[in-house]
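>>> Generate coordinates for the sequence data below:
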Amino acid sequence: MLFAVMLSAIWTLASYDAHADGAEIGVVKVVTGEVTLRRGAAAIPLVVGQSLAVGDVILTEADASVGFTLLDGAQFSIGPESAIELTAFDYKPQDGVLSLIANFLFGTITHTTGEIGRADPEAVQIRTRLGVVGVRGTEFAVRAPKP
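Below you'll find the model as predicted:
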């Protein structure tokens, strides 16, 4: 019986749907300086350990930076005076459903590919005002001016 319960719990975690409203898609690992998380109408200071969800916007001030990791292992480092929106995240490899879309609004970022990018590079889109960064390797950096 215990085995059946554990197997059920593992299956539930394996079929995790990150599009569920407010579901965690990642976690903040490093914060330096003043970083703000906009979630809906709320704006709160971002702290280490904070869960991230689809729709979150992360903004850094002049002397600030933040690093976070998504559930597929993808890593983002956001530099000073930067903003990024986590637009979409689907990580259900057992169903072949993989998607990561982020709108990079301005500033600087570096990105290290996670499981989604390694399994299906075209499923990762880092959008800027001028175009979409195509993931063809494991790491890249982007700088975009403020509008």
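>>> can we go C-alpha only for contacts and neighbour counts from here?
OK.
>>> got the CA positions of the longest strand seen in the chain in CSV?
For the chain, the longest strand by residue count, based on DSSP state E, is strand 97-112. C-alpha atoms of strand 97-112 as CSV (Å, rounded to 0.1, in the frame of the first residue of the first chain):
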residue,chain,number,x,y,z
VAL,A,97,5.4,19.1,-23.8
LEU,A,98,8.3,21.6,-23.5
SER,A,99,8.1,25.4,-23.6
LEU,A,100,10.0,28.3,-22.2
ILE,A,101,9.1,31.8,-23.3
ALA,A,102,10.5,35.0,-21.6
ASN,A,103,10.1,38.6,-22.7
PHE,A,104,13.4,40.3,-22.0
LEU,A,105,12.3,44.0,-21.7
PHE,A,106,15.7,45.7,-21.2
GLY,A,107,19.1,45.5,-19.5
THR,A,108,21.4,42.5,-19.5
ILE,A,109,20.9,38.8,-19.0
THR,A,110,22.8,35.6,-19.3
HIS,A,111,21.1,32.3,-19.8
THR,A,112,22.2,28.7,-19.4
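>>> Please state the offset of whichever helix or strand comes after that strand from the chain centre?
Sequence-wise, the next helix or strand downstream of strand 97-112 (DSSP states H and E) is helix 115-119. Distance of helix 115-119 from its chain centroid, counting by C-alpha atoms, centre = their mean, to the nearest Å, is 13 Å.
>>> if I look at the most centrally placed residue in the chain, how far off is Pro145?
The centroid of the chain falls nearest to Leu70 when counting by C-alpha atoms, centre = their mean (5.0 Å). Distance from Leu70 to Pro145, counting by C-alpha to C-alpha, to the nearest Å: 25 Å.
>>> what does His111 give?
From His111 to Pro145 the distance is 18 Å (C-alpha to C-alpha).
>>> one step back: so what pairs up with the nearest residue to the residue nearest to the centre of the chain once chain neighbours are set aside in the strands?
Distance criterion C-alpha to C-alpha, 6 or more residues apart in numbering; nearest residue to Leu70, sequence neighbours excluded, is Gly26 at 3.8 Å. Counting by DSSP bridges, Gly26 is bridged to Leu52, Leu70.
>>> I'd assumed Leu71 was in contact with Gly26.
Yes: Gly26 lies in contact with Leu71 (C-alpha atoms under 8 Å); the separation is 5.2 Å.
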